[in-house]
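> Coordinates only, no sequence provided:
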């Protein structure tokens, strides 16, 4: 086996002629290895140390009379060893293993020799020997150390891969490593305040250990048979027949996370390395417990994070406005589903696109976005027109706000649909223009009406003086009719333009309709129209202005008669109905005419729109205005070649009473 070269160097330095022999012998005797100095041809033994004398069994005087050949066996091994030895005289340093040395008692002891030429002209060979058994013992110790190291690596790998789940296997490996009879671990658990047992300790040991039982333990506690067992685990060890028990607390004194327990049947079975190895095993168990706790915390955090991501994703998708997340280069990172409804793009197809390819507008929006991104401040455009995927315009309100990300630049763009607001503004402008037009029209109608009346009176006077036989009489009659039509038109314009003054009172619609129909019955018979009536006797009173409501009814009946020039059926129905506004009185006027053409059905309530030759186009517009002022509604259904149904809903006295009670019971009253 290898021998320290520094020893050889020291010996060679002190090997001199006879005056230094004693000094060399003292130095050689201080070594544990056997030292032998022979002549270079192995014919003479010059000296040896005390260790070689003990190994060979010879006295010093006897050994100096022998040759090295006398110490070797006569078998082939001895001859081969001698040959190798002589070859070493030419080599600065060499090793010969398993040289068979014959002792004084004729016992053969194999030794390992390290050979080095020494003296003047290498006249001698210095041999340092050690029994092969010592080398084998060292090699066995190294293999045992390597096995222990491999086992520890195996335990650490198991713990890193499986954490707490690997503890039973890891403890079984540790048991073999420590030559123990049993090994277990009491560790903390999230399910119970006590420490639970991992590992197969004998049944005499408890399965759980209260926290208070750990207080008497030191970091390392050793109990052996013969000592008084005062602690629970020591009593369990004696009951289980253990000769020794060692415990090691795991964790921090402020919060122990476990207790490693190792037991041996006999105290002599405890290996010498247990004191250094048990803390390592305990620390590995500590790592397993901490990793398990941290993995549980990470899993819980990941679960919470996933729930948070799902909530944020749901909230992101639920926002009705377009949300765009942009990077520092103004490329789209993410878009919510509102972009499909508003712009016609799918969220996944805009990811990665430059913002100018998504927000297509006559006005470049990038400067406002760069301003928000560069200055880390909110920026907005109150109204910008974007083009949808199909090319149609979309007015939006744009708001850009930078996101708080220290590592990267991020921008959130919010686009709010302004179509409804634009429509309201357009309608407001239209209403303003109509109000102005109404004032002008009312003034105009008032100023024109008097001249028309004068013209009509003059025409009548001229016609009466000329007589019916005069050739101009028919022309004067046509002028008179046109004057009357213009006068009626001016009257309708004034009614439409002036504010309504209503006198709302409870009204019995059954009696009201009977009075109106009684006046129209002769005319209906004359034009061949049958009248069908259906009244619910239990309908409540309606809240209405009788004068203006009669104007609405007369207009609808007139329209129905005009829609049935060849005769037909006029149906009147009265009933009560429930609406979002509460209980209402419902009046239906139904004719069997040709119906309203689909081309004009959306315009019949527009002012001055008419399909009649002599119509003014204000009848239905005035009717809807009157019913709106009543807080009622007017709707219609038309069926081609089957007829038209106009439905009027008016507030009932019952609804008015409920609203009054609700208003009176309000908390702020």
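It's in. Quick caveat, the model's predicted, so the values are computed rather than measured.

> Let me see the domain layout of the chain.
Annotated domains of the chain cover 5-138, 178-296, 319-410, 423-497, 505-658 [automatic domain parsing].

> Of the ones you listed, which is nearest residue 144?
Minimum separation from residue 144 across the domains of the chain (CB to CB) falls at domain 178-296, 9.0 Å. For glycine as for every other residue, the C-beta is placed from the backbone atoms N, C-alpha and C.

> measure that closest one end to end?
End-to-end span of domain 178-296 (CA to CA, to the nearest Å): 31 Å.

> CSV for the domains of the chain, including mean pLDDT, distance to residue 144 and mean neighbour count?
Output for the domains of the chain, formatted as CSV (pLDDT from 0 to 100; distance: least, CB to CB, whole Å; neighbours: other CB atoms under 10 Å):
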stretch, mean pLDDT, distance to residue 144, mean neighbour count
domain 5-138, 83, 10, 16
domain 178-296, 89, 9, 17
domain 319-410, 89, 52, 15
domain 423-497, 74, 90, 14
domain 505-658, 87, 91, 16
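
> Tabulate these (TSV), appending distance to residue 157.
Listed next are the domains of the chain as TSV, based on distance: least, CB to CB, whole Å:
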stretch	distance to residue 157
domain 5-138	28
domain 178-296	10
domain 319-410	35
domain 423-497	70
domain 505-658	72
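
> all strands of the stretch 501-650 of the chain, in order?
For the stretch 501-650 of the chain, the strands defined by DSSP state E, counting those that start in this stretch occupy 505-507, 529-535, 542-544, 568-579, 582-591, 633-639, 643-651.

> Mind jotting down where the helices sit in the stretch 1-150 of the chain?
Taking DSSP state H, counting those that start in this stretch as the criterion, the stretch 1-150 of the chain carries its helices at 5-14, 21-29, 50-56, 60-63, 68-71, 76-87, 132-162.

> Show the contacting residues for residue 238.
The contact partners of residue 238, by CB atoms under 8 Å, 6 or more residues apart in numbering, come to 225, 229.

> Tell me the secondary structure at it.
Under DSSP: H, G, I helix; E, B strand; the rest coil, residue 238 falls in the helix class.

> Would you mind naming the residues that bridge with residue 222?
Counting by DSSP bridges, residue 222 is bridged to residue 246.

> Surely it and residue 242 touch.
No. Using CB atoms under 8 Å, residue 222 makes no contact with residue 242, being 11.9 Å away.

> ok, what's across the strand from the nearest residue in space to residue 189 that is not next to it in sequence?
Take residue 189 and drop its neighbours on the chain: the residue closest to it by CB to CB, 6 or more residues apart in numbering is residue 196, 4.7 Å away. Assessed by DSSP bridges, residue 196 has beta-bridge partners residue 187, residue 208.

> Please report how far residue 196 lies from residue 294.
19 Å (CB to CB, to the nearest Å).

> and if you look at residue 72?
Relative to residue 294, and taking CB to CB, residue 72 is found at 66 Å.

> Please apply the same query to residue 201.
Residue 201 is 27 Å from residue 294, by CB to CB.

> Check residue 75 too.
66 Å.

> picking up where we left off before, could the helices of the stretch 1-150 of the chain go into TSV alongside distance to residue 586?
Below are these laid out as TSV (distance: least, CB to CB, whole Å):
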stretch	distance to residue 586
helix 5-14	120
helix 21-29	131
helix 50-56	128
helix 60-63	139
helix 68-71	135
helix 76-87	128
helix 132-162	77
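
> so which of those helices gets nearest residue 113?
helix 76-87 (7.5 Å).

> Just name whatever secondary elements the lengthiest helix in the chain is in contact with.
Taking DSSP state H as the criterion, the chain has its longest helix at helix 419-466. Applying 3 or more CB pairs under 8 Å, 6 or more residues apart in numbering; DSSP states H and E, one finds that helix 419-466 contacts strand 393-402, helix 473-497.

> Which one of these lies nearest to residue 263?
strand 393-402 (65.1 Å).

> partner strands of the very next helix or strand once past the closest one, parallel or antiparallel?
For strand 393-402, the succeeding helix or strand toward the C-terminus, using DSSP states H and E, is strand 411-417. Applying DSSP bridges to the sheet, strand 411-417 is found paired with strand 322-326 (antiparallel), strand 393-402 (antiparallel).

> Could you save the ones you listed as CSV and add columns showing distance to residue 646?
CSV is the format used below for those (distance: least, CB to CB, whole Å):
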stretch, distance to residue 646
strand 322-326, 43
strand 393-402, 37
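
> Now do the SS call for the most centrally placed residue in the chain.
Centre of the chain computed as the mean C-alpha position; nearest residue by CA atoms, centre = their mean is residue 309, 1.8 Å away. Under the three-state scheme (three-state DSSP), residue 309 adopts helix.

> Show me where the stretch 151-300 of the chain has its helices.
167-177, 232-239, 274-318.

> got these as JSON lines, with distance to residue 597 columns?
Putting the helices of the stretch 151-300 of the chain into JSON lines (distance: least, CB to CB, whole Å) gives the following:
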{"stretch": "helix 167-177", "distance to residue 597": "87"}
{"stretch": "helix 232-239", "distance to residue 597": "100"}
{"stretch": "helix 274-318", "distance to residue 597": "43"}
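
> closest one to residue 50 among those helices?
Among the helices of the stretch 151-300 of the chain, the nearest to residue 50 by CB to CB is helix 274-318 (34.3 Å).

> For that closest one, which helices and strands make contact with it?
Identification of packing neighbours for helix 274-318 by 3+ CB pairs under 8 Å, 6+ apart yields helix 132-162, helix 167-177, strand 182-187, strand 244-252, strand 255-264.

> Show me the one of those that comes nearest residue 612.
Short answer: helix 132-162, nearest of those by CB to CB, at 91.6 Å.

> Return the angle between stretch directions for that closest one and helix 167-177.
170 degrees (axes from the mean of the first three to the mean of the last three CA atoms, to 10 degrees).

> tilt between helix 132-162 and helix 274-318?
Using the same axes, to 10 degrees: helix 132-162 against helix 274-318 is 20 degrees.

> Can you give me the neighbour number for the closest residue to residue 396 other than its chain neighbours?
Nearest non-adjacent residue to residue 396, counting by CB to CB, 6+ apart: residue 415, 4.6 Å away. Neighbour count of residue 415, defined by other CB atoms under 10 Å: 24.

> Make sure residue 567 is actually in contact with residue 525.
No. If you go by CB under 8 Å, residue 567 and residue 525 don't touch, sitting 10.2 Å apart.
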